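**Q** Task: produce atomic coordinates for the following.
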Amino acid sequence: MAKTAEILEIPATVTERGQTTVPAAIRKMLALGKRDQVVFRGLADGTVVIAKKVAQVEDGDPVIGKFLSFLARDMAKEPSRIRPVPRSLVSRGKDLVKGVKVDLDAPLADDEA
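**A** So this is what the prediction gives:
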C-alpha cells in the first residue's frame, strides 16, 4: 500500500520587523541546525516552499547538489535506515587502493574531467 503525502501546517507570527521563527517540527523535518540557511521558493500559484539551503558544489553541479539534498532529507526522515559500513567492505576498499598515490591538488587530465 502506497504512503500518502501529509501536509504539515504550523501557524507562525510575523513580527513588526518581518521576522518569524521556523517551527521546531519544520526544523526537524529539514534537519536544520544552528546557523543553517533556508531558501524560500515562491511558486506561480502563490505557494511558498521553504527548504534547507544546500551548499553549492565547487562547479555548481545541480545533479550532485540535488542528490546530496535528497540524502540529507532521507537521513533526517529515516535515521533508523543508516547502517555502518561493514568492516569487510572497508578492508576490501583499502586493499583496492593500497599503494595508489593521489595528489588531490593536481589538475585532472582533460579525459578525466
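
**Q** okay, how far is it across stretch 37-45, tip to tip?
**A** The separation between the terminal residues of stretch 37-45, taken as CA to CA, to the nearest Å, is 24 Å.

**Q** avg pLDDT for that stretch?
**A** Taken as a whole, stretch 37-45 carries a mean pLDDT of 88.

**Q** low pLDDT regions in the chain?
**A** Segments of the chain classed as low confidence (criterion: pLDDT under 70) are 1-6, 55-60, 111-113.

**Q** mind running it again at 50?
**A** In the prediction, the chain carries residues with pLDDT under 50 at positions 1, 112-113.

**Q** And the helix ranked longest in the chain, how far out from the chain middle?
**A** The single longest helix within the chain, with elements called by DSSP state H, is helix 62-77. For helix 62-77, the gap between its own C-alpha mean and the chain's C-alpha mean amounts to 4 Å (CA atoms, centre = their mean, to the nearest Å).

**Q** tell me which strands and helices it is in contact with?
**A** Packed against helix 62-77, as judged by 3 or more CB pairs under 8 Å, 6 or more residues apart in numbering; DSSP states H and E, are the following elements: helix 24-29, strand 48-52. In short, each C-beta sits where N, CA and C put it, glycine included.

**Q** and those as TSV, adding distance to Ala72 and mean neighbour count?
**A** What follows is those, written out as TSV (distance: least, CB to CB, whole Å; neighbours: other CB atoms under 10 Å):
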stretch	distance to Ala72	mean neighbour count
helix 24-29	11	13
strand 48-52	7	12
